[in-house]
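Trainee: Below: sequence and its predicted model.
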Amino acid sequence: MLMGFQGAGFLGLGLVAVLLGQGNTVIVLDNHWTSLQSSLENLADNPGLTIVQADVTDGIPIEIEPCDQIYHLACPASPVHFATNPLKILDTCYLGTRNVLERARRWNARVLLANTSEIYGQAERDPQDEGYFGNANCFGPRSCYDEGKRVAESLAYAYRQQYPSSLEIRIARIFNAYGPGMHARDGRVVCSFIDAALRQAEMSVNGDGKSTRCFQFVDDCIAGLQSLMESSWKGGPVNIGSERETTIAELAQIINSIVSKVTGLPETRVVHGPPLPDDPIQRRPDCTVAREVLGWEAKTSLQEGLRRTIEWHVDLD
């Protein structure tokens, strides 16, 4: 099966490797903005892979062969990029998504839009099910991503409504994926803590550390995305995440402990700084739809996933 793919970040690269391993022919379109080039080069010799350097905001190059399925993962999910290039984030969410959907319509291709739990914002419902409309700030430091991803879903709805016979769209709302392949200085909390522990630098927790997240290992997330793409589901977005809640302070302790066991380094000092503006206090998905419709749930424990991620970073160094 011929598959198109936008975005070669850590999640995308993992998905490409799985798709190639299953015997699929894969075309990767990536602008090399945030992708880890060494990981992409490791796949380059696979005869089933074609890599096209292009920016999805400029359109899909006309020479790309029509695809049966398109995984659209093109957009950085790091706070570093929210702060330094918010207009590019917005362009990717709107223009990039529209270009993907328009090409998919012409090809009669099925699309999976990889979206985010960030659309729920500062949630006032626990847990967050897909019917919750969210509480996002449209005028703040994270709004380029939060609102950009919300408009991407609106585009998907509009295309589905206007072209019901020529376009199948699946939407995954991904909750806090992590794993091997993430940049050490990515800016997301798992990477920041691992990087600090390995460098023996202070591990900085924003706020009191009581904020919670539900972290899912990359392999589980990829399995969820594939299950959704291959399903007959024609409903709305589907939460893809772990329902196991962890405070940020607990995460720091766990990473400190695992890094010490893996490397023999002493645990590093944990310090607390001011909370980040608009940073959600609590984030926990209701994954009932994924369980009942896809037969999927996250299985990897946080300790196991973090150990594998830390070992990857150690081997990389």
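Mentor: Everything's here; your move. Numbers count the residues shown, from 1 in each chain.
Trainee: list the contacts for residue 245?
Mentor: Taking CB atoms under 8 Å, 6 or more residues apart in numbering, we find residue 245 in contact with 212, 213, 214, 282, 284. C-beta coordinates here come from the backbone N, C-alpha and C atoms, glycine included.
Trainee: Of those residues, which is the nearest to residue 189?
Mentor: Among the contacts of residue 245, residue 213 lies closest to residue 189 (CB to CB), at 7.4 Å.
Trainee: Residue 125 falls within a strand, correct?
Mentor: No - counting by DSSP: H, G, I helix; E, B strand; the rest coil, residue 125 is located in no strand; its state is coil.
Trainee: For it, which non-adjacent residue is closest in space?
Mentor: Once flanking residues are discounted, residue 125 sits nearest to residue 132: 4.8 Å by CB to CB, 6 or more residues apart in numbering.
Trainee: before we move on, the earlier item: cross the contacts of residue 245 against strands and list the overlap.
Mentor: Of the contacts of residue 245, the ones assigned to strands by DSSP state E are 212, 213.
Trainee: any chance of the contacts of residue 245 in JSON lines, with distance to residue 64 too?
Mentor: Converted to JSON lines, the contacts of residue 245 look like this (distance: CB to CB, whole Å):
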{"residue": "212", "distance to residue 64": "41"}
{"residue": "213", "distance to residue 64": "36"}
{"residue": "214", "distance to residue 64": "36"}
{"residue": "282", "distance to residue 64": "41"}
{"residue": "284", "distance to residue 64": "39"}
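Trainee: The residue nearest to residue 125 in helix, strand or coil?
Mentor: At residue 132 the chain is in coil, as set by three-state DSSP.
Trainee: and residue 81, how many neighbours?
Mentor: By other CB atoms under 10 Å, 20 other residues sit near residue 81.
Trainee: same thing with residue 54?
Mentor: Other residues near residue 54 come to 16 when the count uses other CB under 10 Å.
Trainee: Give me the pLDDT for it.
Mentor: As predicted, residue 54 sits at a pLDDT of 90.
Trainee: buried ones in the strand or helix carrying residue 258?
Mentor: Per DSSP states H and E, residue 258 falls inside helix 248-263. Buried residues in helix 248-263, counted by 16 or more other CB atoms under 10 Å: 248, 249, 251, 252, 253, 254, 255, 256, 258, 259, 262, 263.
Trainee: for the record, mean pLDDT for that helix?
Mentor: The pLDDT scores in helix 248-263 average 98.
Trainee: about what we covered before: quick check: the farthest pair among the contacts of residue 245?
Mentor: Of all pairs in the contacts of residue 245, the most separated under CB to CB is 214 and 282 at 9.7 Å.
Trainee: Give me the more crowded residue out of these two.
Mentor: Shown here are residue 214 and residue 282; by other CB under 10 Å, residue 214 has more neighbours (23 against 19).
Trainee: That one is in contact with residue 175, isn't it?
Mentor: Yes - counting by CB atoms under 8 Å, residue 214 sits close enough to residue 175 to count as a contact (5.5 Å).
Trainee: Overlap in contacts, those two.
Mentor: Shared contacts of residue 214 and residue 175 (CB under 8 Å, 6+ apart): 241, 242, 283, 285.
Trainee: So which of the residues you listed is surrounded by the most neighbours?
Mentor: Counting by other CB under 10 Å, top hit in the shared contacts of residue 214 and residue 175: residue 241 with 29 neighbours.
Trainee: Name the nearest residue to it, sequence neighbours excluded.
Mentor: Excluding its sequence neighbours, the residue lying closest to residue 241 (CB to CB, 6+ apart) is residue 175, at 2.7 Å.
Trainee: In contact with the one you found, which residues?
Mentor: Counting by CB under 8 Å, 6+ apart, residue 175 has contacts 117, 213, 214, 216, 239, 240, 241, 242, 283, 285.
Trainee: Leaving out sequence neighbours, find the closest residue to the first one.
Mentor: When the adjacent residues along the chain are set aside, residue 117 lies closest to residue 175, with 4.3 Å between them (CB to CB, 6+ apart).
Trainee: Quote the end-to-end distance of stretch 241-255.
Mentor: 20 Å (CA to CA, to the nearest Å).
Trainee: Same check on stretch 117-126?
Mentor: End-to-end span of stretch 117-126 (CA to CA): 13 Å.
Trainee: and what of stretch 259-269?
Mentor: Stretch 259-269 has its terminal residues 13 Å apart, counting by CA to CA.
Trainee: Give me the contact list for that stretch.
Mentor: Applying CB under 8 Å, 6+ apart, the contact partners of stretch 259-269 are 194, 196-198, 200-203, 256-257, 307, 310-311, 314.
Trainee: Distance to residue 160 and secondary structure added to these, as CSV?
Mentor: CSV is the format used below for these (distance: CB to CB, whole Å; DSSP: H, G, I helix; E, B strand; the rest coil):
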residue, distance to residue 160, secondary structure
194, 39, helix
196, 43, helix
197, 45, helix
198, 45, helix
200, 51, coil
201, 47, coil
202, 48, coil
203, 44, strand
256, 46, helix
257, 46, helix
307, 41, helix
310, 41, helix
311, 42, helix
314, 45, helix
